[in-house]
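> need a structure here:
(one chain, ligands or ions: 1)
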Amino acid sequence: MPPAALPSPLTPLADPVVERAGLELRLKRDDLIHPTVPGNKWRKLTPNLRAAAEQGHTRLLTFGGAYSNHIRAVAAAGAARGMSTVGIIRGDELADAPRNWSLALAESYGMRLSFLDRSGYREMLRSLDDPGTLRELEARWGRCYVLPEGGSNALAAHGAAELVAEMPGLGARDFVCCAVGTGGTLAGIAAALPEGARAVGFAVLKGADGYLEGEVAALHRLGWGREFGDWRIEHGWHGGGYGRVPAELDAFAAGFEERHGVRVERRYVAKMLWGLYGLAEAGALPRGGRVTAVVTGPPDPAGAG
Ligand SMILES: *Cc1c(COP(=O)(O)O)cnc(C)c1O
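Numbers count the residues shown, from 1 in each chain. Below is the predicted model of the structure:
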């Protein structure tokens with residue numbers, strides 16, 4: 001695996017909306033850290049790859065949807081480390097359909113794909129910690145290191161926590177913002193922040209109010225043996241649900257790209273920035289604050305769709 005370019009750049013951004021709100025904004029460019037295992041996926045996978053190797057595993061198995069960034073990242077990381085990979089994909093209707101670009105890319109790295117109908121998929125994820133489920137998976141695929149959907153386990157959260165160490169000098173006026181899919185990234189950031197600084201996550205899923213908070217708190221208990229009170233999740237910026245990009249959100253992201261020359265991934269990063277600007281315009285962040293927006297991944301490749 002080519003090494004990651006760390007620390008990722010931390011770049012100030014001059015923007016009238018943010019300045020009118022009395023805020024300072026900077027981007028933490030985690031989208032630039034790795035060509036094939038980018039952003040928070042690199043952060044979250046790295047400690048898991050180490051653990052898998054230490055435990056003598058040669059196969060990674062994980063879960064995701066039809067366009068999962070995590071699925072592609074695991075496929076690429078496994079190929080680079082000489083490990084075989086299995087992707088359990090949500091949606092049995094995809095099995096016989098022509099592969100979309102994302103699944104095709106995962107397969108090009110050698111990942112074997114297996115498709116489950118939605119209820120079977122949900123049931124498998126729900127019972128992932130049962131020994132019976134692991135036995136079932138290993139009966140089919142052989143001994144494997146199992147990563148949950150989105151890759152968010154305690155090790156992953158600790159990997160995400162490391163990005164905070166690349167931002168020295170955080171304090172009481174700081175807000176660190178990220179998109180929230182499964183919550184692993186937010187959990188890591190929140191756990192690592194120094195006293196006074198706060199983390200704000202922006203949910204990309206609809207109707208996940210309460211659920212995602214529970215996931216983050218569970219990762220904190222698992223990974224740190226305690227809970228933290230320095231974070232919250234905004235639920236008003238999912239744009240209609242996972243993978244949905246309404247015209248208004250797309251226009252916002254396009255405007256941001258044009259003003260700042262930074263391309264914006266739409267399913268996560270655009271929603272976080274949209275929410276952040278919405279809060280700033282509404283005066284919901286205290287004047288004098290410094291906001292660091294974590295760019296958790298790059299846009300889809302050109303021509304994807
Ligand atoms: C996977 C992903 C996320 C979500 O991260 P979680 O740790 O699952 O909350 C955010 N941004 C991008 C670009 C991603 O690929």
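> okay, residue 146 and residue 71: tell me how far apart.
14 Å (CB to CB, to the nearest Å). Every residue, glycine included, has its C-beta placed from N, CA and C.
> between the two, which has more neighbouring residues?
In terms of neighbours (other CB atoms under 10 Å), residue 71 is the more surrounded of residue 146 and residue 71; the figures are 28 against 22.
> can you tell me the helix or strand for that one?
With elements taken from DSSP states H and E, the one containing residue 71 is helix 69-81.
> tell me the SS of residue 201?
At residue 201 the chain is in strand, as set by DSSP: H, G, I helix; E, B strand; the rest coil.
> beta-bridge partners for it, please?
residue 178, residue 233 (DSSP bridges).
> indicate the residue of the stretch 1-150 of the chain located nearest to the ligand.
Nearest residue of the stretch 1-150 of the chain to the ligand, counting by CB to the nearest ligand atom: residue 69, 3.5 Å away.
> hmm, that residue is touching residue 41, no?
Yes - because the distance of 6.0 Å satisfies CB atoms under 8 Å, residue 69 is recorded as touching residue 41.
> pick out whichever of the two has more residues nearby.
Between residue 69 and residue 41, counted using other CB under 10 Å, residue 41 has the larger neighbour count: 29 against 25.
> wait, a strand at that one?
No - assignment of residue 41 by three-state DSSP gives helix, placing it outside any strand.
> which residues does the nearest residue to it once chain neighbours are set aside contact?
Nearest non-adjacent residue to residue 41, counting by CB to CB, 6 or more residues apart in numbering: residue 73, 3.6 Å away. By CB atoms under 8 Å, 6 or more residues apart in numbering, the residues touching residue 73 are 36-38, 41-42, 45, 151.
> model confidence score at the residue nearest to the spatial centre of the chain, please.
With distances taken as CA atoms, centre = their mean, the residue of the chain nearest its centroid is residue 40 (5.3 Å). According to the prediction, residue 40 has pLDDT 97.
> would you confirm that it contacts residue 28?
No - using CB under 8 Å, residue 40 is not in contact with residue 28; the gap is 10.6 Å.
> after the helix holding residue 71 comes which helix or strand?
strand 84-90.
> that next one packs against which elements?
For strand 84-90, the helices and strands in contact under the criterion 3 or more CB pairs under 8 Å, 6 or more residues apart in numbering; DSSP states H and E are strand 59-64, helix 69-81, helix 101-108, strand 112-116, helix 118-126.
> quick one: secondary structure of residue 196?
Once three-state DSSP is applied, residue 196 turns out coil.
> residues near the nearest residue to it once chain neighbours are set aside, how many?
Excluding the flanking residues, the one nearest residue 196 by CB to CB, 6+ apart is residue 172, at 3.4 Å. The local packing of residue 172 (other CB under 10 Å) involves 11 other residues.
> tell me which element residue 172 is part of?
Residue 172 belongs to no helix or strand, assigned by DSSP H and E.
> run a quick check on residue 11 versus residue 31, I expect a contact.
No - if you go by CB under 8 Å, residue 11 and residue 31 don't touch, sitting 11.6 Å apart.
> just the CA atoms of stretch 67-74, as CSV, please.
In CSV, the C-alpha atoms belonging to stretch 67-74 read as follows (Å, rounded to 0.1, in the frame of the first residue of the first chain):
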residue,chain,number,x,y,z
TYR,A,67,-21.8,2.5,-3.8
SER,A,68,-20.0,2.0,-0.5
ASN,A,69,-16.7,4.0,-0.1
HIS,A,70,-15.8,1.5,2.6
ILE,A,71,-16.2,-1.5,0.3
ARG,A,72,-13.8,0.0,-2.3
ALA,A,73,-11.4,1.0,0.4
VAL,A,74,-11.3,-2.5,1.9
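> roughly how far does the residue nearest to residue 67 when sequence neighbours are not counted sit from residue 72?
Excluding the flanking residues, the one nearest residue 67 by CB to CB, 6+ apart is residue 102, at 4.6 Å. Remark: distance between residue 102 and residue 72 (CB to CB) = 6 Å.
> look at the two and report which has more neighbours.
Using other CB under 10 Å, the more surrounded residue of residue 102 and residue 72 is residue 72, with 25 against 21.
> and residue 68, its phi and psi?
When read as degrees, to the nearest 10, the backbone of residue 68 gives phi -60, psi 120.
> tell me the contacts of residue 189?
Counting by CB under 8 Å, 6+ apart, the residues that residue 189 touches are 160-161, 163-164, 176, 178, 199, 231, 294.
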